[in-house]
Each structure stands twice: as C-alpha cells, then as structure tokens.
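[1] Okay, structure incoming, though there's no sequence with it:
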C-alpha cells in the first residue's frame, strides 16, 4: 500500500496558552521543530519516500487528504495532554 508521510504545522502550536498567554511554542522550540522536519524530509528522500507538510489545522489537513485519497489506516503517536487529545478526537471523527 502507498504511504503518505505527513507533518502538520498546526497554528494551535503557535497560539498563546489560555492561562499564561505565553506562546505554546517559543522561538527556540519552533526552530528545533523546523530543523527536525527538514531532517525527516531528507531522511525520507534518502529512502525514496517523501514528506507531505501542511500548514493548517490537523483536522483540515486530514479533511483534505480524505478528499484526495482513499485512506485505509492512520498511524500516529498517542497524545496525552488534554488540548492535544481534543484535536486527536476531532481528527478521529473524520476517519
């Protein structure tokens, strides 16, 4: 089966936290994230695969993919924090 390797830069990660109003992702973490995604893309290319990167909500990214492809399975890490679990549930409702 074909595989779509996906990373989503969800605006959620860059919004201020509700209580502290501090950014969820600061500049150092954002730089690390960009570098990690770049390295992942290169590693996949070295193996003949590609990385799809979306800059939108995770729900919108999956909605777009579901409209373009027949998706039989999704493999992802399990979220543990409440805000991320809510996003995971919304994505799961699409599938």
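    Right, received. Where do you want to start? All values derive from a computational prediction rather than experimental measurement.
[2] and the longest helix along the chain, which residues are buried?
    Longest helix of the chain, by residue count under DSSP state H: helix 27-46. For helix 27-46, a neighbour-count test (16 or more other C-beta atoms under 10 Å) marks residue 41 as buried. Yep, even glycine has a C-beta here, placed from its N, CA and C like the rest.
[3] got a list of contacts for that helix?
    The contact list for helix 27-46, computed with C-beta atoms under 8 Å, 6 or more residues apart in numbering, reads 5, 7, 9, 13, 14, 25, 50, 51, 53.
[4] Residue 58 and residue 10 touch, don't they?
    Yes - judged on C-beta atoms under 8 Å, residue 58 makes contact with residue 10 at a distance of 5.1 Å.
[5] neighbour count winner among the two?
    residue 58 (21 against 18; other C-beta atoms under 10 Å).
[6] do you know how far the nearest residue to residue 74 once chain neighbours are set aside is from residue 89?
    Take residue 74 and drop its neighbours on the chain: the residue closest to it by C-beta to C-beta, 6 or more residues apart in numbering is residue 95, 6.2 Å away. In this view, residue 95 and residue 89 are 11 Å apart by C-beta to C-beta, to the nearest Å.
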